[in-house]
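Participant: Fold the following and give me the result.
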Amino acid sequence: VSDESIVIDRNDPSPVNIRGFVVDGVNHYLYWTENDRILRSDMDGSNIVQILDGLSLPRALTIDTTTNTLFWRNSSITGTIQMYDLDTSTLTTFPEPFGPHNSSNGLAVDSERGRVYWSSFFGITWADLSDLGTQTTLVSSTPLITGIYIDTPNDKIYWTQEGTKQIRRADLPSGANVVTLVTASEAPYGITVDTLGGKMYWAQARKIYRADLDGSNVEGIDANPPLTDDANLNAYVHLGYAPIPPTPTPTLSPTVTNTPTNTLTSSAPQAGRGRTASAGTRGAGERRCHQANPARATPAPASSHGR
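Facilitator: As a prediction, this is how the structure comes out:
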């Protein structure tokens, strides 16, 4: 990873508190939380618009691209989880109990099963989006979870644990076969998985790290600019596939050819038609130039994002 750039700089004129960030790879948008609101921009950071305001320090933002719905957690004081339908502008607050004073940051959506997962102090809980009041524990005895990712194609759930400095994985939908993939030297924060590339990414000790999906080949990627100590506590890593501009189709320009004109002269003109008749040829027939329609970029798989 060598081609890095700052897409959005929200520290001008004064710093803001960004506690959540997600990439909509289907519609090619960036969403993030900023103080008490949620904003959106194009993938290059242009066309910034406000989606919602008046929230309670939203964080752990994620999106279900199949329903075009945003999900987030509010401050640890309120402890609530909310979702917002971008098509109907409908805001829904999850029912209790998952508790006030919950500073855990894990939140992810399983689009395929229609479930949402979140972490508490001691585990991971899920609920059907059609029945948010019925909440089931998936994994217990997992303290201080700082990120969750749902690998829908492979029926896996990944998460990072601050207390044990570990990255772990379990099967879905059962939560069985919990394995520890990485035990880090510093606490890991946030996690995203590239199922096609066979890599997982997370934030740790002012760097972005990655490893193979079995936890091998761990390597650090220097962030530019580097993460600060404070930023490390609220770092989120998300993988997005930006559309690749299509290769322009060569234009077929007609070749100009000087075509001789044949003149037919009658040596014995018919009576009453004393004129010269000429017939011209048009060489190659008239050619139209067609430019193929640019191929549409294939959208990113509607994989479930979480943090």
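Participant: So for Ile145, what's the nearest residue that isn't a sequence neighbour?
Facilitator: In this structure, Ile145 finds its nearest non-sequential neighbour in Ser119, 3.6 Å apart by Cβ to Cβ, 6 or more residues apart in numbering. Heads up, the C-betas are built off the backbone N, CA and C, glycines and all.
Participant: List of residues touching the strand or helix carrying that neighbour?
Facilitator: For Ser119, the enclosing helix or strand under DSSP states H and E is strand 115-120. Outside strand 115-120, the residues that touch it by Cβ atoms under 8 Å, 6 or more residues apart in numbering are 71, 73, 81, 83, 98-99, 102, 104-110, 124-129, 132, 138, 142, 145, 148, 150, 157, 159, 173, 306.
Participant: Swap in 7 Å and give it another go.
Facilitator: Identification of contacts with strand 115-120 by Cβ atoms under 7 Å, 6 or more residues apart in numbering yields 71, 81, 98-99, 102, 104, 106-110, 124-129, 138, 145, 148, 150, 157, 159.
Participant: if we can go back for a sec, quick check: the residue nearest to Ile145 vs Ile221, distance?
Facilitator: 25 Å (Cβ to Cβ, to the nearest Å).
Participant: The two: who's more crowded?
Facilitator: Ser119 (30 against 13; other Cβ atoms under 10 Å).
Participant: partner residues bridging the more buried one?
Facilitator: Ile124 (DSSP bridges).
Participant: What remains of the contacts of strand 115-120 if I keep only buried residues?
Facilitator: Buried members of the contacts of strand 115-120, scored by 16 or more other Cβ atoms under 10 Å, are 71, 81, 98, 102, 104, 106-110, 124-127, 129, 138, 145, 148, 150, 157, 159.
Participant: out of the residues you listed, which are inside strands?
Facilitator: Of the buried ones among the contacts of strand 115-120, the ones assigned to strands by DSSP state E are 71, 81, 107-110, 124-127, 138, 145, 148, 150, 157, 159.
Participant: Quick check: of those, which lies closest to Arg169?
Facilitator: Ile157 (6.8 Å; Cβ to Cβ).
Participant: Surely that closest one touches Ala170?
Facilitator: Yes: contact criterion Cβ atoms under 7 Å: Ile157 and Ala170 qualify, at 5.4 Å.
Participant: Could you list the low-pLDDT ranges of the stretch 201-307 of the chain?
Facilitator: 223-307 (pLDDT under 70).
Participant: and if we set it to 50?
Facilitator: The stretch 201-307 of the chain contains residues with pLDDT under 50 at 230-234, 261, 263-303.
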